[in-house]
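Trainee: Below are the sequence and a predicted model; questions follow.
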Number of protein chains: 2
Amino acid sequence: MHSVTGEGRAFAALDAQSLGARLQEIPAVAERVGPDSSKWKIREVGDGNLNLVFIVEGPAGGVVVKQALPYVRLVGESWPLPLKRSFFEYHALIRQEARAGVGTVPAVYHFDERQALIVMEYLSPHVILRRRLIEGAMPPKIGRDLGLFCARTLFQGSDLCMPTRKRKEDLALFADNVELCDITENLVFTDPYFDAKMNRHTSPQLDAVVAELRADRDLKVEAQRMKHLFAAKAETLLHGDLHTGSVMVTDADTRVIDPEFAFYGPMAFDVGMLLANFWMSFFAQPGHERNGDRAEMREWLLGVAAEIWSVFRTEFARLWRTERTGILYAKSLFEDQEDALGSEQALNAMLAEIWTDLLGFAGVEVHRRILGLAHNADFETIEDPDLRANCERPALRFGRQIAVNRTRIHSIDEVNDLARIIAGEGA
Amino acid sequence: MHSVTGEGRAFAALDAQSLGARLQEIPAVAERVGPDSSKWKIREVGDGNLNLVFIVEGPAGGVVVKQALPYVRLVGESWPLPLKRSFFEYHALIRQEARAGVGTVPAVYHFDERQALIVMEYLSPHVILRRRLIEGAMPPKIGRDLGLFCARTLFQGSDLCMPTRKRKEDLALFADNVELCDITENLVFTDPYFDAKMNRHTSPQLDAVVAELRADRDLKVEAQRMKHLFAAKAETLLHGDLHTGSVMVTDADTRVIDPEFAFYGPMAFDVGMLLANFWMSFFAQPGHERNGDRAEMREWLLGVAAEIWSVFRTEFARLWRTERTGILYAKSLFEDQEDALGSEQALNAMLAEIWTDLLGFAGVEVHRRILGLAHNADFETIEDPDLRANCERPALRFGRQIAVNRTRIHSIDEVNDLARIIAGEGA
């Protein structure tokens, strides 16, 4: 159980000094860290882009305290961002835990709406998955865990399962997450495809291929069709930012964090963004071979992508057959009419559509991470710009290929073969 | 301008007696009907299914007063229905007038939220379009007027045009119209395809074809895919119940009424439901030949369907080129890059998708009007059950054909040919 408050003093950003005194008032914290805040060790760790994050440790244990700021931390007060994102993160976390199961996201101990503050489980010795992949680690459970997480959260947040009144109320609740949707709508789907102010790319090495992509009519049209789907297909509650930087792992445990971009959108978005980040890691590996060859790692990454999609399909089908209690594809029309095959036909059609759409979202995600504002460490940590560009270039070509040909690509094996072929061509 | 109030006494259903006294307090009414309510003529006309409707006439003119009841008028208190539908109707009417233009819907004079009461323009000598079509009349302007109405309301309520924050706020506002969406979700997309309690059909004449349709796996799956689109694709503000009974006409004027089912859904839904009602009228005409042959009328109806779709496409394309100010298919990616062809390519793709989907919605609409709860007068006014069944049977076959083959039908001419062929086969 967790506690919630919307009362109390006006919003005030925390700092390591004030934090102890402020947190001591919260029983949920004192319980877990210890009553005497003078015995607490508090450090600010940040989460990079948007928020304040502190780790509080004491005799009894530790907690993480995450507080939204009224602006983008990375950029500063010149880019205001509503505190309410903390409200959406809280609501997404408790729904994800209910749907994917305890231990798939950090447990929430306390939410303070006015302070835009969430006190949650301190995950240790967990490390951000993206960092582990850069190091060449192969956490064994992630394929299965992430496939299950996607299938369970996406299925159970939709009209396939949820009472439609609750889904529509939830849709209205998250429809207010406008600013964070706006970030995705602009930074992911549009800016990378023209010379937008905040864009950057490895230059001059990529200038030629960037010009080529921005002149690519089919690609731009497809990216906008994906944006249309993202904005209009309010199918289920998405994580909204499900990349390898939003996953913390040990070899034994996988947690999905930071769902502040949560809103109702198309199922294929979460899955496509997630797979894209494994494919990007695949293309980035040659940039990290200082400490040894990454050939095995690269095959392992393609295997993880295949496993995520296969586990997703299997679990989605299981839920379809056993927990299809919503208003869509009602059993009264199929199973109850001795026509289970009808419901299998509908399931196949739906999975085929998710597949086609996730390829579009994946291609766009690759592009925005190399051409847009928010790059990812897989490439950014490759210091030599020539080496980095030689990893990014084939990734860009790969993204274009799967986005534009998404209706003509049959299976994930073909996508993985495409990745090998395009990477092999180098340049 | 119109007045709005949410204050005042608790909800009380109106009657012809109390109405005068109650309305006299409303300046917007007194202005238009005359100050002295003793000089008013008040009659209840009903709108058939859901609400109370009064016409109030006086020395200065007339108004229509529409009040929601807390239940379905047609069925009684055993079927409760929220008063709030009046709120959604009001909000839809003012948006439609702003988007399609003054004179496309009844002008709103006054809205009383607590009384669930809208005072609006009295349309006279307008008649419900469906009735005119049954009589064999050919109102000359409807094809063009309805095509324009659909293009303008559907385009301007979407992310193609509207500031996305406003659209998301509106989406949240209308997401609360749950009960009326629920009626559509069940009565339109599901009940007709199994032996649901409230269904009825011309029996025994249609029993065989009904059994055939309910055993038709491809049809049931397709109907549920359309339901999925209806429930999840929150693309624009729909009328939500746009059939020929929701249109009032004279030869010179066309008004769209009764948008209480308004909510955010797929553009193709309004257009598909509307076209379906012209195709049903086409199939019903042989049942109304007592007063003369209807061959010309039937061809005219197919022509109107073709005109609606052609006018819709032309106007939608004009708006696309001139008023595409939303977040989708931004000009910064196309026109501003000397790539107007890119935006034409996207427009063609979008119209192609609307076309494919509207055929699915149209097919389902035909089925639910013949097999479900809410039948339509085109067929219901054919008294001889054998004659009625001979009109309904080919309509059912037609509905199945366009729904299941919606991705393989190229143009409205082919759909109209299908209608002629299937009607020609008779039985």
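Mentor: Looks like it came in fine.
Trainee: Look through the stretch 1-150 of chain A and state the residue closest to chain B.
Mentor: Closest residue of the stretch 1-150 of chain A to chain B, C-beta to the nearest C-beta: A:Pro82 (11.6 Å). Glycine gets a C-beta too; all of them are placed from N, C-alpha and C.
Trainee: would you list every one of the helices in the stretch 201-350 of chain A?
Mentor: For the stretch 201-350 of chain A, the helices defined by DSSP state H, counting those that start in this stretch cover A:207-214, A:217-232, A:267-284, A:295-322, A:340-371.
Trainee: Just put the ones you listed in JSON lines and tack on distance to B:Glu77.
Mentor: Putting the helices of the stretch 201-350 of chain A into JSON lines (distance: least, C-beta to C-beta, whole Å) gives the following:
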{"stretch": "helix A:207-214", "distance to B:Glu77": "63"}
{"stretch": "helix A:217-232", "distance to B:Glu77": "38"}
{"stretch": "helix A:267-284", "distance to B:Glu77": "40"}
{"stretch": "helix A:295-322", "distance to B:Glu77": "38"}
{"stretch": "helix A:340-371", "distance to B:Glu77": "37"}
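Trainee: Pipe those into CSV and attach distance to B:Gly34, mean pLDDT and mean neighbour count per row.
Mentor: Shown next, in CSV, are those (distance: least, C-beta to C-beta, whole Å; pLDDT from 0 to 100; neighbours: other C-beta atoms under 10 Å in any protein chain shown):
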stretch, distance to B:Gly34, mean pLDDT, mean neighbour count
helix A:207-214, 66, 97, 16
helix A:217-232, 48, 97, 23
helix A:267-284, 58, 98, 28
helix A:295-322, 63, 98, 18
helix A:340-371, 59, 97, 22
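Trainee: Switch the ones you listed over to TSV; also include distance to chain B.
Mentor: Shown next, in TSV, are the helices of the stretch 201-350 of chain A (distance: least, C-beta to the nearest C-beta, whole Å):
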stretch	distance to chain B
helix A:207-214	7
helix A:217-232	4
helix A:267-284	10
helix A:295-322	12
helix A:340-371	4
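Trainee: Could you check how far stretch A:264-274 is from the centre of its chain?
Mentor: Chain-centre distance of stretch A:264-274: 9 Å, with C-alpha atoms, centre = their mean, to the nearest Å.
Trainee: neighbours around A:Lys39, how many?
Mentor: When neighbours are counted by other C-beta atoms under 10 Å in any protein chain shown, A:Lys39 registers 13.
Trainee: shouldn't the residue of the stretch 1-150 of chain A closest to chain B be in contact with A:Cys181?
Mentor: No. Counting by C-beta atoms under 8 Å, A:Pro82 stays clear of A:Cys181, with 11.8 Å between them.
Trainee: For A:His410, grab the count of nearby residues.
Mentor: Using other C-beta under 10 Å: A:His410 sits among 8 other residues.
Trainee: Could you pick out the residues of the stretch 101-250 of chain A near chain B for me?
Mentor: A:158-159, A:164-165, A:168-169, A:171-173, A:175-176, A:178, A:181-182, A:185-186, A:190, A:193-194, A:196, A:214-215, A:217-218, A:220-221, A:224-225, A:227-228, A:231-235 (C-beta under 8 Å from any C-beta of the partner chain).
Trainee: any idea of the pLDDT on the residue nearest to the spatial centre of chain A?
Mentor: In chain A, the C-alpha closest to the average C-alpha coordinate belongs to A:Leu242, at a distance of 0.8 Å (C-alpha atoms, centre = their mean). Per-residue pLDDT puts A:Leu242 at 98.
Trainee: Was I right to think A:Ala172 contacts B:Asp170?
Mentor: No. A:Ala172 is not in contact with B:Asp170 according to C-beta under 8 Å; the separation is 10.7 Å.
Trainee: burial of the closest residue to A:Asp191 other than its chain neighbours, as a residue count?
Mentor: The shortest distance from A:Asp191 to any residue other than its chain neighbours is 5.4 Å, reached at A:Gly372 (C-beta to C-beta, 6 or more residues apart in numbering or on different chains). A:Gly372: 23 surrounding residues under other C-beta under 10 Å.
Trainee: show me what contacts A:Gly372?
Mentor: Neighbour list for A:Gly372: A:187-188, A:191-192, A:196, A:198-199 [criterion: C-beta atoms under 8 Å, 6 or more residues apart in numbering or on different chains].
Trainee: any idea which of those residues is the one closest to chain B?
Mentor: Compare each of these with chain B using C-beta to the nearest C-beta and the shortest gap goes to A:Ala196, at 7.9 Å.
Trainee: and the closest one, how far is that from A:Val366?
Mentor: Going from A:Ala196 to A:Val366 by C-beta to C-beta, to the nearest Å gives 17 Å.
Trainee: Would you map the strands across chain A?
Mentor: Applying DSSP state E to chain A gives strands spanning A:3-5, A:41-44, A:52-58, A:61-67, A:71-72, A:76-80, A:108-112, A:117-121, A:127-128, A:236-238, A:247-249, A:254-256, A:263-265.
Trainee: would a markdown table of the ones you listed with mean pLDDT and mean neighbour count be doable?
Mentor: As requested, the strands of chain A are exported to a markdown table (pLDDT from 0 to 100; neighbours: other C-beta atoms under 10 Å in any protein chain shown):
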| stretch | mean pLDDT | mean neighbour count |
| --- | --- | --- |
| strand A:3-5 | 87 | 13 |
| strand A:41-44 | 92 | 14 |
| strand A:52-58 | 93 | 20 |
| strand A:61-67 | 94 | 21 |
| strand A:71-72 | 86 | 16 |
| strand A:76-80 | 88 | 10 |
| strand A:108-112 | 96 | 22 |
| strand A:117-121 | 96 | 24 |
| strand A:127-128 | 96 | 17 |
| strand A:236-238 | 98 | 28 |
| strand A:247-249 | 98 | 25 |
| strand A:254-256 | 98 | 23 |
| strand A:263-265 | 97 | 27 |
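Trainee: Let's have those strands in CSV, adding distance to B:Leu148.
Mentor: Converted to CSV, those look like this (distance: least, C-beta to C-beta, whole Å):
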stretch, distance to B:Leu148
strand A:3-5, 50
strand A:41-44, 59
strand A:52-58, 53
strand A:61-67, 51
strand A:71-72, 43
strand A:76-80, 41
strand A:108-112, 49
strand A:117-121, 50
strand A:127-128, 54
strand A:236-238, 35
strand A:247-249, 50
strand A:254-256, 48
strand A:263-265, 31
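Trainee: CA atoms of stretch A:79-93 as PDB?
Mentor: Taking Å, rounded to 0.1, in the frame of the first residue of the first chain, the C-alpha atoms of stretch A:79-93 are listed here in PDB:
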ATOM      1  CA  TRP A  79      11.600  25.300 -21.400                       C
ATOM      2  CA  PRO A  80       8.700  25.100 -19.000                       C
ATOM      3  CA  LEU A  81       7.100  21.700 -18.400                       C
ATOM      4  CA  PRO A  82       4.000  21.100 -16.200                       C
ATOM      5  CA  LEU A  83       4.500  19.500 -12.700                       C
ATOM      6  CA  LYS A  84       1.500  17.400 -13.600                       C
ATOM      7  CA  ARG A  85       3.700  14.900 -15.400                       C
ATOM      8  CA  SER A  86       4.400  13.500 -11.900                       C
ATOM      9  CA  PHE A  87       0.600  12.900 -11.600                       C
ATOM     10  CA  PHE A  88       0.600  10.900 -14.800                       C
ATOM     11  CA  GLU A  89       3.700   9.000 -13.800                       C
ATOM     12  CA  TYR A  90       2.100   8.000 -10.500                       C
ATOM     13  CA  HIS A  91      -1.100   6.900 -12.200                       C
ATOM     14  CA  ALA A  92       0.800   5.000 -14.900                       C
ATOM     15  CA  LEU A  93       3.000   3.200 -12.300                       C
END
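Trainee: Perfect, I'm done here.
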